[in-house]
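Student: sequence and predicted structure below; questions after.
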Amino acid sequence: MGPQETGKGIINLDYGAAAPLDPDVVAAMLPYLTEHYGNPSSGHSLAEEPRRALAEARQAVAGLIGAPPERLVFAASGSEANNLAIKGVAARTPGGHIVTSAIEHYSVLNPIRTLQKLGYEATFLPVDQQGRVDPATLADAIRPDTILVSIAAANPEIGTIQDLAALAGVAARRKVPFHTDGVAAAGWIPLAVREMGIGLCSVAGDQFYGPKGTGALYVAPGIPLAPLVEGGIQERGLRAGTENVPALVGMGAAARKAAADRSGRAARVAGIRDALREALFAGIPYLHLNGHPTDRLPHNLHVSVEFVEGEALFMHLDMAGILVSSGSSCASQALKSSQVLAGIGVGPELAQGSLQFTLGRDSDPGDVPRVAEELRRIAALLRQMSPLYRDYLRKGGSDATIQ
Amino acid sequence: MPQYNEKVLAHFTQPRNVGEIEDPDGVGEVGNPVCGDMMKFTIRVREGILEDVRFLTFGCGAAIAVSSMVSEMAKGKTLEEALAISNRDVAGELGGLPGNKMHCSNLGADALHRAIWDYQVRQGILDPSEVPPEAGHDHGEEPAACGSGEEEGPEREGSAGDG
């Protein structure tokens, strides 16, 4: 029975995938889709307003991460910003060594794998069971020919927050540029790129209620960087192509609101997340938390439901009007399970039963009991038909799911 | 929600013949949790007919629907008829499966066949050496891609949602 039939509303707990635009953001964008359609690079008066608005957006996005606006390069996604950082530094320092972690986003891992095929070397640092990179491990991995360190501020999947200042400090002492993928973190936890000694930082507007297709890369002075897209001299020659003014104005408006309200927003959402976590663990036996117990993104909860598979879980949840995502191989188009869960030592069976909840600022604490009850019901249903669960019971495990 | 048709969804939400036969005449297991799909079939045979077929499945929506459909197709059939059911027949009976699920999750007929061979070995009809090894899935080590290899699992994956 779908949510339409039950009369209950949809509960979106997958805001990491997509969040609705803030109405103020839409309002800020509209004039640049219509009246102020000019190209900011033009010399005539039609360019003035778009140019001014773009500068304002740049200032707002820079403000969100404590960067000077002139050091920001706009891009069309967080993935593009990550690619620009990695391939851009590599292009200016041929044949070097790159250090990253085993649990980075694919927009970091895949460019590095591509560079490996071109003769660059790479070290994929292990992480601990909570997903943290040990600064001492990083220090050991840096070599005289290391050209870049890239470690995400927070993991988008399991939510673990790194000790960014310590990691950036290690890289700074060895005079190696430090890039952080700040896409999942920006707007949710404080990021101060200058204070933390971060050389490059990627962000994406859609992670803080801006439009999809917006991103930016902070580039500190002195970091060698070549453009991915060549052509005109937009973005200081680091990204050719006419800027998507309406979208970037939207990203700026979203950044301004996120900066003003970040701690309040984070605290409120974390409160709902904590209540959800408590309710899930109270109702469902053999449930496992993935990621760091406390140092995690305020809107992220990641669990593994033992003995069952994630796609089956999220399909049943979807039919009950609850939207989540899963790191199970079946739930991915590529049929491969999450490299992040493997990286933190979650076994294949538990990785298959993983569910990721990403809450949003519109999440309702009143929905927590319904989500907990539906997941309890669905887990019990699927465990009843799971050969793994039956084996577990046969070996003397206790049946705590049937009520 | 993955692109499943109504019939697949119906078998997924209301699977037929879930469970395990006590003291079964044959048991067949395929798959492993690494690939995300694992099926266990138990059968009861009376006078060459599959009197009862039950399954347990750890797996995605397709795997559960496939198991349910196989059990329904096999029940009441002779062993020969049941051995003639192919994974492709099951997918056809379900009205089709998404392309990327055809190999990984469509193992129900294999599990049924293994249960029948197990019965035949127990009865002395089949020599254990004649039972074909399980194809496609290599227990223990993680396969490069789960499935038959016809479609190589893409080396690259973008996880949606934070790009």
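Tutor: Cool, the structure landed.

Student: at which residues are the helices of chain B located?
Tutor: Ranges of helices in chain B, per DSSP state H, are B:6-13, B:61-74, B:79-83, B:87-93, B:108-122.

Student: please work out which of these is packed deepest.
Tutor: helix B:61-74 (a mean of 28; mean count of other CB atoms under 10 Å in any protein chain shown). All C-beta spots, glycine's among them, are computed from the backbone N, C-alpha and C.

Student: show me the contacts for the residue nearest the centre of chain B.
Tutor: What sits nearest the mean C-alpha location of chain B, by CA atoms, centre = their mean, is B:Gly108, with 1.7 Å. Contact analysis of B:Gly108 by CB atoms under 8 Å, 6 or more residues apart in numbering or on different chains lists B:39, B:41, B:55, B:63, B:66-67, B:69-71, B:87, B:90.

Student: contacts with chain A among the residues you listed, please.
Tutor: With CB under 8 Å from any CB of the partner chain as the criterion, these include B:39, B:55, B:63 near chain A.

Student: how much space between the last one and A:Asp140?
Tutor: This points to B:Ala63. Per CB to CB, to the nearest Å, B:Ala63 is found 43 Å from A:Asp140.

Student: follow-up on the earlier one: could you dump the contacts of B:Gly108 into CSV with pLDDT added?
Tutor: What follows is the contacts of B:Gly108, written out as CSV (pLDDT from 0 to 100):
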residue, pLDDT
B:Met39, 95
B:Phe41, 98
B:Phe55, 98
B:Ala63, 94
B:Val66, 95
B:Ser67, 96
B:Met69, 97
B:Val70, 97
B:Ser71, 97
B:Asn87, 92
B:Val90, 95
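
Student: element containing A:Leu21?
Tutor: A:Leu21 belongs to no helix or strand when assigned by DSSP states H and E.

Student: hmm, back to that, quick check, nearest of the ones next to chain A among the contacts of B:Gly108 to A:Asn39?
Tutor: The nearest member of the ones next to chain A among the contacts of B:Gly108 to A:Asn39, counting by CB to CB, is B:Ala63 at 52.9 Å.

Student: quick check: the closest one touching B:Leu107?
Tutor: Yes - B:Ala63 is in contact with B:Leu107 according to CB atoms under 8 Å; the separation is 7.4 Å.

Student: correct me if wrong: A:Ala53 contacts A:Ala247.
Tutor: No - counting by CB under 8 Å, A:Ala53 does not reach A:Ala247; the two are 11.5 Å apart.

Student: show me what contacts A:Asn300?
Tutor: Applying CB under 8 Å, 6+ apart, we find A:Asn300 in contact with A:16, A:156, A:158-159, A:184, A:273, A:291, A:356-359.

Student: cutoff 7 Å now
Tutor: A:Asn300 sits next to A:159, A:358 when contact means CB atoms under 7 Å, 6 or more residues apart in numbering or on different chains.

Student: report the separation between it and chain B.
Tutor: When distance is defined by CB to the nearest CB, to the nearest Å, A:Asn300 is 11 Å away from chain B.

Student: local confidence estimate at that residue?
Tutor: Here the pLDDT value assigned to A:Asn300 is 97.

Student: give me the number of residues near A:Ala165?
Tutor: 13 (other CB atoms under 10 Å in any protein chain shown).

Student: helix/strand/coil for it?
Tutor: helix (DSSP: H, G, I helix; E, B strand; the rest coil).

Student: turn the helices of chain B into JSON lines, columns for distance to A:Gly241.
Tutor: JSON lines is the format used below for the helices of chain B (distance: least, CB to CB, whole Å):
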{"stretch": "helix B:6-13", "distance to A:Gly241": "43"}
{"stretch": "helix B:61-74", "distance to A:Gly241": "41"}
{"stretch": "helix B:79-83", "distance to A:Gly241": "61"}
{"stretch": "helix B:87-93", "distance to A:Gly241": "45"}
{"stretch": "helix B:108-122", "distance to A:Gly241": "51"}
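
Student: the closest residue to A:Leu317 other than its chain neighbours: neighbour count?
Tutor: Leaving out its chain neighbours, the residue that sits closest to A:Leu317 by CB to CB, 6 or more residues apart in numbering or on different chains is A:Val324, at 5.7 Å. Counted with other CB under 10 Å, the neighbours of A:Val324 add up to 22.

Student: which residues touch A:Val324?
Tutor: A:Val324 touches A:13-14, A:314, A:317, A:355-357, counting by CB under 7 Å, 6+ apart.

Student: that one and A:Ile112, how far apart?
Tutor: Taking CB to CB as the measure, A:Val324 and A:Ile112 are separated by 29 Å.

Student: now swap in B:Ala63 and tell me
Tutor: 34 Å.

Student: likewise for A:Glu243?
Tutor: Counting by CB to CB, the gap from A:Glu243 to A:Ile112 is 28 Å.

Student: hmm, stretch A:155-169 in reach of chain B?
Tutor: Yes - interface with chain B: stretch A:155-169 contributes A:Pro156 (CB under 7 Å from any CB of the partner chain).

Student: ok, B:Glu29 - contacts?
Tutor: B:39-40, B:111, B:114.

Student: quick one: low-confidence ranges for the stretch 301-403 of chain A?
Tutor: Within the stretch 301-403 of chain A, the segments meeting pLDDT under 70 span A:328-337, A:400-403.

Student: 80 instead?
Tutor: A:327-337, A:399-403 (pLDDT under 80).
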